[in-house]
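Student: Just the structure for this:
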Amino acid sequence: MIFAIIVGCAILADIITGFVKAWATKTLDSKVLRKGLLHKFSEIFLCGISYGAEYATHYIPIDVSIPLFNATCAYIVLMEIISVFENLTTINPDLSKFIGKYLDSNKSRKEEKENEKFD
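Tutor: Predicted coordinates for the structure are as follows:
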């Protein structure tokens, strides 16, 4: 249960910093919002699937226990933390000195190319 709460907090932090980033850069766009919310929904859905799969292994005669739910949650939290850091460095460029060196500096160009595919 605690893993689900942590995932929820990480997703919420990413949504909030994403809104602030869009507001600060004057790029608030409903298409980007819809795409982002669909990504968040798919992350939550993946957590549900991994929980169900892990739960089902208790009723299937397999001698292997795989912590699928915990691993999925850990990956999603890590991904969300990186996204929050990216948003924060856009909001406050001074943070790039500390965090930016660990992030992909070409990410914004990659995102623009991806967004062109969906338009």
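Student: Wait, Ser65 touches Thr57, no?
Tutor: Yes: judged on Cβ atoms under 8 Å, Ser65 makes contact with Thr57 at a distance of 6.8 Å. The C-beta positions use only the backbone N, C-alpha and C, and glycine is treated the same way.
Student: check contacts around the residue nearest the centre of the chain.
Tutor: Nearest to the geometric centre of the chain sits Glu80, at 3.5 Å (Cα atoms, centre = their mean). Glu80 sits next to Val7, Ala10, Ile11, Ala13, Asp14 when contact means Cβ atoms under 8 Å, 6 or more residues apart in numbering.
Student: nearest to Cys73, of those?
Tutor: Proximity of the contacts of Glu80 to Cys73 (Cβ to Cβ) peaks at Val7, which lies at 5.0 Å.
Student: Go through the helix or strand where that closest one lies and flag the buried ones.
Tutor: For Val7, the host element (DSSP states H and E) is helix 2-24. For helix 2-24, the neighbour count (16 or more other Cβ atoms under 10 Å) marks Phe3, Val7, Ala10, Ile11, Ala13, Asp14, Ile15, Thr17, Gly18, Lys21, Ala22 as buried.
Student: ditto for stretch 50-64
Tutor: Under the neighbour-count criterion of 16+ other Cβ under 10 Å, stretch 50-64 has Ser50, Tyr51, Glu54 buried.
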